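[1] Show me the folded form of this:
(chains A, B, C and D)
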There are 2 protein chains.
Amino acid sequence: MGAKPGPKRRSGCPVSISLDIFGDRWSLLIIRDLMVRGFHMFTEFETAGEGIATNILADRLQRLKAAGIITEEAEAADRRCVYYRLTEKGIDLAPVLLDLLVWGSRHEEADAPCAIVQKMAANRDQVLTEVRRRWEQRDPTPLLPWLSGNAARPKQKKKK
Amino acid sequence: MGAKPGPKRRSGCPVSISLDIFGDRWSLLIIRDLMVRGFHMFTEFETAGEGIATNILADRLQRLKAAGIITEEAEAADRRCVYYRLTEKGIDLAPVLLDLLVWGSRHEEADAPCAIVQKMAANRDQVLTEVRRRWEQRDPTPLLPWLSGNAARPKQKKKK
DNA sequence: CAGCATGACTTGCAATTTGCAAGTTAAATT
DNA sequence: AATTTAACTTGCAAATTGCAAGTCATGCTG
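    Numbering: from 1, shown residues only, chains lettered A, B, ... in the order given. Next comes the predicted model:
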């Protein structure tokens, strides 16, 4: 008992609750892009990712915001832009992302050099500390350059 | 090159691939029940969990089997029963489950005593070693007694 | 051994959720 | 002033979920 009734939960199990919040095909990918690719804007998620539809993207951003995982702030320079950032609750998902990375890399044929991922797995605490440091200091350098060279449809128009 | 085309993948990113396989609301709950509650049978998942529909349960079991995460074996004693078990690929999801547990417990109001979860988080490697040991030795004792007392809707028919 | 119970699923729909494509609105740019 | 750009909506069609009920082999019981 004690749990607030707000969003419908299937049970009080923490695992189940976590999945109620971000247990779908897209949420954690958005969080990944915020965490390790230095993305902040709607169009970045839209064009450089795995091809998410804009209505789904808008929906997921709202849900993640409602869940306190990300925040939205207006950008002073260009008032059209909305900047999305991870909250502390959001950056605390770093271990989950790292485990998904390690598992996928170990058990499926993925585009990530196994050696690098194994090294990350071996230095787990250091990696997590570094991820958090970047978040705290708002260091925008992408953590994983090899993830940035994505194999999804590039789909970008060439701008001059 | 590299990746096999088999199941449609949104990209070659390992995180994305992992989510393509078990990124939904139910798969990881089934895996949790196999891993820490000692469940093996269809009805166990069906009745003692968060209220999964039987058609969804059947579908998820098939997908997890197709993905090589679980196996199915007939039980000699009672030929009606099918026993599901985690493969090594499946037990390798233990870190993910543990992280979901820790995150949910830390950031949401869940039914798990925080103290215990914090202790598990602090002794992460030991917990993971123990989970694997139980799997290797087919030790059926539930790992988490406090998870077994589930708070989901009982939804039992008051069958006499 | 007839009859009921059990385990593991199907089947049939209705209600959601997803996935496209196109449209909208406000704020820069040219 | 006209065009772009960013961030979203809207309108459906298609796929997925959820619910209730039904099937079909066993297994158990009187």
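[2] out of everything not next to it in sequence, what's closest to the most centrally placed residue in chain A?
    Among the residues of chain A, the one closest to the centroid is A:Ile31, at 1.4 Å (CA atoms, centre = their mean). Using CB to CB, 6 or more residues apart in numbering or on different chains and skipping residues adjacent in sequence, the residue nearest A:Ile31 is A:Leu93, 5.7 Å away. Yep, even glycine has a C-beta here, placed from its N, CA and C like the rest.
[3] how far away is the one you found from A:Leu128?
    11 Å (CB to CB, to the nearest Å).
[4] Check A:Ala77 too.
    Separation of A:Ala77 from A:Leu128 (CB to CB): 32 Å.
[5] A:Asp59 too?
    Distance of A:Asp59 to A:Leu128, computed by CB to CB: 29 Å.
[6] When these two are compared, which one has more neighbours?
    The neighbour comparison of A:Asp59 against A:Leu128 (other CB atoms under 10 Å in any protein chain shown) goes to A:Leu128, with 17 against 12.
[7] ranges for the helices of chain A?
    Along chain A, the segments classed as helices by DSSP state H run A:14-22, A:27-36, A:42-48, A:54-66, A:88-91, A:94-107, A:114-122, A:124-136, A:145-148.
[8] For chain A, give me the ranges with low pLDDT.
    A:1-7, A:144-160 (pLDDT under 70).
[9] Kindly report the residues of it close to DNA strand C.
    Neighbours of DNA strand C within chain A, by CB under 7 Å from any atom of the strand: A:24-26, A:51-56, A:59, A:78-80.
[10] Pull up the gap between the nearest residue to A:Ile21 once chain neighbours are set aside and DNA strand D, please.
    Leaving aside its sequence neighbours, A:Ile21 sits nearest to A:Ala67 (CB to CB, 6+ apart; 5.1 Å). Counting by CB to the nearest atom of the strand, to the nearest Å, the separation of A:Ala67 from DNA strand D is 16 Å.
[11] List the residues that contact A:Ala67.
    A:21-22, A:89 (CB atoms under 8 Å, 6 or more residues apart in numbering or on different chains).
[12] go with 10 Å
    A:Ala67 is in contact with A:7, A:20-22, A:27, A:87, A:89-90, B:107-108, counting by CB atoms under 10 Å, 6 or more residues apart in numbering or on different chains.
[13] List only buried entries from the residues you listed.
    Among those, the ones that count as buried by 16 or more other CB atoms under 10 Å in any protein chain shown are A:20-22, A:27, A:87, A:89-90, B:107-108.
[14] Which of those sits closest to DNA strand D?
    The closest of the buried ones among the contacts of A:Ala67 to DNA strand D turns out to be A:Asp20 (CB to the nearest atom of the strand; 10.0 Å).
[15] so who does the closest one touch?
    Counting by CB under 10 Å, 6+ apart, A:Asp20 touches A:7-11, A:13, A:67, B:25, B:50, B:104, B:108.
[16] likewise A:Glu130?
    With contact taken as CB under 10 Å, 6+ apart, A:Glu130 is in contact with A:94, A:120, A:123, A:139, A:143.
[17] Kindly supply the ChimeraX command isolating those of those residues that are buried.
    Here is the ChimeraX command that selects the buried residues among the contacts of A:Glu130 (16+ other CB under 10 Å):
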select /A:94,120,143
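[18] What is the burial count for the residue nearest to A:Gly90 when sequence neighbours are not counted?
    The shortest distance from A:Gly90 to any non-neighbouring residue, by CB to CB, 6+ apart, is to A:Ile69 (4.1 Å). Per other CB under 10 Å, the neighbour tally for A:Ile69 reads 23.
[19] In this structure A:Ile69 contacts B:Glu108, no?
    No: in this structure A:Ile69 lies outside contact range of B:Glu108 using CB atoms under 10 Å: 11.1 Å.
[20] list the residues that contact both of the two?
    Applying CB under 10 Å, 6+ apart, one finds that A:Ile69 and B:Glu108 are jointly contacted by A:21, A:89.
[21] Ranking by neighbours, what's the top pick from the residues of chain A next to DNA strand C?
    A:Trp26 (23 neighbours).
[22] Can you pull up the residues of chain A that come close to DNA strand D?
    Within chain A, the positions near DNA strand D by CB under 7 Å from any atom of the strand are A:41-44, A:54-55, A:58, A:61, A:72, A:78, A:80-82, A:159.
[23] biggest separation within those residues, which pair?
    The span of the residues of chain A next to DNA strand D, defined through CB to CB, is set by A:Glu72 and A:Lys159 at 25.7 Å.
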